[in-house]
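Student: A predicted structure for the sequence below; I have some questions about it.
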There are 2 protein chains.
Amino acid sequence: MRCEIVAVGTEILLGQIVDTNSAWISERLAEAGIDCYLQTVVGDNSERMSKTFGDALERADALIVTGGLGPTQDDLTRQVVADLMGVQLERDLEIVERIRERFSNRGRSMPDNNLKQADIPVGALPIPEMPGTAAGLICPMEEGKVIYVVPGVPSEMKLMLEGTVIPDLVLRSGVTSVIRSRVLKTWGHSESGLAEDLAEEIERLDDDGELTLAFQASGIEGVKVRITAKATDREKSDLLLDSEEDILRGLIGDYIFAVDDATMESVILDLLRSQSLTFATAESLTGGMIGTRLTEVPGSSDSYIGSIVAYEGDLKNSLLDVSKDVPVVSQEAVEAMALGVCKLFGADVSVAATGVAGPSPHDGQEVGTVWMASNIGGQVESFKVVFPFDRTQVRQFTVITVLNALRKRLESLQ
Amino acid sequence: MRCEIVAVGTEILLGQIVDTNSAWISERLAEAGIDCYLQTVVGDNSERMSKTFGDALERADALIVTGGLGPTQDDLTRQVVADLMGVQLERDLEIVERIRERFSNRGRSMPDNNLKQADIPVGALPIPEMPGTAAGLICPMEEGKVIYVVPGVPSEMKLMLEGTVIPDLVLRSGVTSVIRSRVLKTWGHSESGLAEDLAEEIERLDDDGELTLAFQASGIEGVKVRITAKATDREKSDLLLDSEEDILRGLIGDYIFAVDDATMESVILDLLRSQSLTFATAESLTGGMIGTRLTEVPGSSDSYIGSIVAYEGDLKNSLLDVSKDVPVVSQEAVEAMALGVCKLFGADVSVAATGVAGPSPHDGQEVGTVWMASNIGGQVESFKVVFPFDRTQVRQFTVITVLNALRKRLESLQ
């Protein structure tokens, strides 16, 4: 089973947006054991879209098309696919109702333009998932081939791929080998450092064939180590992954903070919950980023109380008991912040950070200088890092670095 | 002059990395007035690469290939292009020297593997820029066509494109028109609604040819309206953009909050700075996101003081003067938060938000219910929205919606 991906959008061809959909879809296809040899981007032009879709279908058994499903005259995907199928577009009244519902939920009435989004090729099946106003479609083609049409909006596309397209492809393909992967997220070691630590293991696996390791430097997500296993069924793949994860934990376990979808935040919130601890944050240069990341996790309110963002120096004195005699970027200041926010909020645990994000030095400290602290029940630990990065990265690396320090302390308490 | 882009790399096809090169190159091509109708990604496979390059050259006059220039056996681009040219690879001694230099500069000796990177097709011209160990190449093809080969490493690719490839393409193309674009960012109207409001204008421009409009729904960035102008030089393009922006402001000005690189946050911070106002935020469901976005802007400390993130209900009572008798998601609560944080921080202006991000209802309110308020010098305005979204989107839309309400008030004060 061969599948190709075509992203439709002149804005991609003009470089105005980066197509991240194709990479995401490719990853899902690889996991499902479906080959993908080509990705293409084509503009909003009927003739070129038609040629591109047609060529792809000659090479492959299935084609996933993203984009071109909006309500404007630039949105041509439905018509182009209908022409390739040799059928007309027909208004689907069920889709009309679903679009109308989307608008009325937001207290708006549906513009007539949007009716166009309900015009689908005769014979195409609407994909059940429809979070927005664009309907995804399964379009049967000649020789048992198929075109899946999904919106370019990533959240909508992902729901449809996971809910319908990938399962349908797997069914059609009769895939017999299952490729599964597991991601170990690490923090505190470089990609080449990890590769050196794992050199012997990688060599051992090369002879083997069932398992492979790959590294992916992911900025503030750290370096991801991806284990990929190929076996005849999902259970066997997962057993291979389990045993390989054990081996890797023996070699680089100190750096691993999370697996797969778990994040630094979710791991910390789980640790706090299991120890029935409440948590607060005192932020300065991060401006609310630590709180933002923690509260992205549903259920964070079980442990997380809130934050004082003392962006201006005076607030640190008035609210957080930082003495006016110490510099705002100092060990004394960050420790007072960590203790002060726990006192003010009545929390058991806190982290605090104060530093210079840039672009200019501040208070005599160079850009990138950050003091970080964690407090667990009145025991404060603090440390300084000078990040050689720009403003955005200094802030991002501060968040994960201070959270990682707290994670290690919480794990050692278990 | 038509140009296509092919990115080579199995890791892109497997979704392990996102190809950002093609978008960047496309943008440079558009700026230079060179048409690009297709982008393709192909894996590290000689046969498929050869077919993909060949097909592209049939459609286009020029082809830019990124990637596949490394020293390993997976790096096939040089050989595939030589085959298409009908020539052999030959070791270029000058390139050998330059590679050796790269290594000695870093205090290392050159592994033999890297010699492969100096084997180039006979007749190909090395690109002068060579920041790494991979040489870029200009490869003349039949019928006056050309393949440019550049490395996949973005920093190396960019140097070669800007230094050699784009200037060479412009020279070959005899391009006399310059394409420039401007983005008007809007909030508060749907893509189809804007398209309806601008239908007559779009029709007028269609007859014209110098200017085009395009819409791009961009989630919490709103709907972007991109004006693209084509003229004989940059100055004329910019004049066209200016006059079209004026026309659009007359039609949909109420929704436009920023132009090009400006953001909702930067616009608000500029308004606050020009009116010498200090600013604080009181957050609940957003957990620090409003503060995070504001402090991403360098110089935000001119106006922005800080935030109380009262994620837990009790903090709203103890710190922000919210009465214990009112529900935490209510008009009374959000207005008290907006006033309370100004009082606590001594700020002139504030925004506040309290609501239910989900996944579960809270305090008798359904998911998506959000009360938002802004306070300017003691004058509070508040409103409620029920967002039909998931947790992440409810939080994101809250941030931009409450900031947009403040922007409108600040603009009306000017």
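Tutor: That came in fine, so what should we check first?
Student: what about residue A:183, is that helix, strand or coil?
Tutor: strand (DSSP: H, G, I helix; E, B strand; the rest coil).
Student: What pLDDT does the model give it?
Tutor: We note a pLDDT of 91 for residue A:183 in this prediction.
Student: Now do the strands in the stretch 201-350 of chain A.
Tutor: A:211-217, A:223-231, A:256-259, A:279-283, A:304-310, A:349-355 (DSSP state E, counting those that start in this stretch).
Student: Quick check: beta-bridge partners of residue A:216?
Tutor: Note on residue A:216: beta-bridge partners by DSSP bridges are residue A:224.
Student: low-confidence ranges in chain A?
Tutor: Scanning chain A for pLDDT under 70 picks out A:176, A:208, A:217.
Student: Name the single longest helix found in it.
Tutor: helix A:391-413 (DSSP state H).
Student: Residue A:361 - how many residues pack around it?
Tutor: A count of nearby residues for residue A:361, using other Cβ atoms under 10 Å in any protein chain shown, gives 12. Heads up, the C-betas are built off the backbone N, CA and C, glycines and all.
Student: if I look at it, how far off is residue B:275?
Tutor: Plainly put, residue A:361 is 28 Å away from residue B:275 if you go by Cβ to Cβ, to the nearest Å.
Student: Likewise for residue A:66?
Tutor: The value you get for residue A:66 to residue B:275, if Cβ to Cβ is used, is 44 Å.
Student: With residue A:179 instead?
Tutor: 59 Å.
Student: Kindly report the same for residue A:91.
Tutor: Using Cβ to Cβ, residue A:91 is found at 52 Å from residue B:275.
Student: and if you look at residue A:325?
Tutor: As judged by Cβ to Cβ, residue A:325 and residue B:275 stand 34 Å apart.
Student: Looking at residue A:179 and residue B:275, which one has more neighbours?
Tutor: Remark: of residue A:179 and residue B:275, residue A:179 carries more neighbours, 19 against 14, as counted by other Cβ under 10 Å.
Student: My reading is that that one lies in a strand. Confirm?
Tutor: Yes - counting by three-state DSSP, residue A:179 is located in a strand.
Student: Can you show me the helices along the stretch 101-250 of chain A?
Tutor: Taking DSSP state H, counting those that start in this stretch as the criterion, the stretch 101-250 of chain A contains helices spanning A:154-160, A:166-173, A:191-197, A:199-208, A:234-252.
Student: and the last one with strand A:223-231, angle?
Tutor: Here helix A:234-252 runs at 150 degrees with respect to strand A:223-231, directions being taken by axes from the mean of the first three to the mean of the last three Cα atoms, to 10 degrees.
Student: buried residues in helix A:234-252?
Tutor: Of the residues in helix A:234-252, A:236-237, A:240-241, A:244-245, A:248, A:252 count as buried by neighbour count, 16 or more other Cβ atoms under 10 Å in any protein chain shown.
Student: swap in stretch A:70-85?
Tutor: Buried-residue list, stretch A:70-85, by 16+ other Cβ under 10 Å: A:70-72, A:74-85.
Student: Which ones among the residues you listed also lie next to chain B?
Tutor: A:70-72, A:74 (Cβ under 8 Å from any Cβ of the partner chain).
Student: Identify the farthest-apart pair in the residues you listed.
Tutor: Within those, A:71 and A:74 form the most distant pair, 9.7 Å apart (Cβ to Cβ).
Student: SS state for residue A:33?
Tutor: coil.
Student: Show the contacting residues for it.
Tutor: Contacts for residue A:33 (Cβ atoms under 8 Å, 6 or more residues apart in numbering or on different chains) come out as A:170, A:173, A:175, A:177-179, A:230.
Student: how does it look with 7 Å?
Tutor: Contacts for residue A:33 were tallied using Cβ atoms under 7 Å, 6 or more residues apart in numbering or on different chains; they are A:175, A:177-179.
Student: Check residue A:9 too.
Tutor: The neighbours of residue A:9, taking Cβ under 7 Å, 6+ apart as the test, are A:44, A:67-68, A:152.
Student: next one: residue A:165
Tutor: Residue A:165 is in contact with A:64, A:148, A:150, counting by Cβ under 7 Å, 6+ apart.
Student: which residue packs closest to residue A:14, ignoring adjacent ones?
Tutor: residue B:30 (4.6 Å; Cβ to Cβ, 6 or more residues apart in numbering or on different chains).
Student: What is the burial count for the one you found?
Tutor: Neighbour tally, residue B:30, other Cβ under 10 Å: 20.
Student: Now render the contacts of residue A:9 as CSV, adding neighbour count, secondary structure and distance to chain B.
Tutor: Converted to CSV, those look like this (neighbours: other Cβ atoms under 10 Å in any protein chain shown; DSSP: H, G, I helix; E, B strand; the rest coil; distance: Cβ to the nearest Cβ, whole Å):
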residue, neighbour count, secondary structure, distance to chain B
A:44, 23, coil, 9
A:67, 27, coil, 11
A:68, 27, coil, 13
A:152, 25, coil, 9
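Student: Pull the most distant pair out of those residues.
Tutor: Distance extremes for the contacts of residue A:9: the farthest pair is A:44 and A:152 at 10.9 Å, using Cβ to Cβ.
Student: Can you name the residues bridging to residue A:137?
Tutor: residue A:126, residue A:149.
Student: Can you get me the centre-to-centre distance for the helix or strand encompassing the residue nearest to residue A:14 and its chain?
Tutor: Secondary structure from DSSP states H and E places residue B:30 in helix B:21-31. In this view, helix B:21-31 has its centroid 12 Å away from the chain centroid, taken as Cα atoms, centre = their mean, to the nearest Å.
Student: Could you do stretch A:295-306 as well?
Tutor: Its chain's C-alpha centre and that of stretch A:295-306 lie 19 Å apart, by Cα atoms, centre = their mean.
Student: got the buried residues for that stretch?
Tutor: A:295-298, A:300-301, A:303-306.
Student: Does the residue nearest to residue A:14 touch residue A:15 like I think?
Tutor: Yes - Residue B:30 lies in contact with residue A:15 (Cβ atoms under 7 Å); the separation is 6.4 Å.
Student: Buried deepest among the strands of the stretch 201-350 of chain A, which one?
Tutor: strand A:279-283 (a mean of 31; mean count of other Cβ atoms under 10 Å in any protein chain shown).
Student: I'd say residue A:119 and residue A:78 touch.
Tutor: Yes - contact criterion Cβ under 7 Å: residue A:119 and residue A:78 qualify, at 6.2 Å.
Student: Give me the common contacts of these two.
Tutor: Contacts common to residue A:119 and residue A:78, judged by Cβ under 7 Å, 6+ apart, are residue A:89.
Student: quick one: contacts for the residue lying closest to residue A:367 once chain neighbours are set aside?
Tutor: Distances taken as Cβ to Cβ, 6+ apart put residue A:358 closest to residue A:367, at 3.8 Å, once the chain neighbours are dropped. Each residue near residue A:358 by Cβ under 7 Å, 6+ apart is listed here: A:367-368, A:390-391, A:394.
Student: ok, now residue A:10?
Tutor: A:43-44, B:214.
Student: just to revisit the earlier point, tell me the gap between the longest helix of chain A and the middle of its chain.
Tutor: Using Cα atoms, centre = their mean, the offset of helix A:391-413 from its chain centre is 19 Å.
Student: Same check on stretch A:365-376?
Tutor: With Cα atoms, centre = their mean, you get 27 Å for stretch A:365-376.
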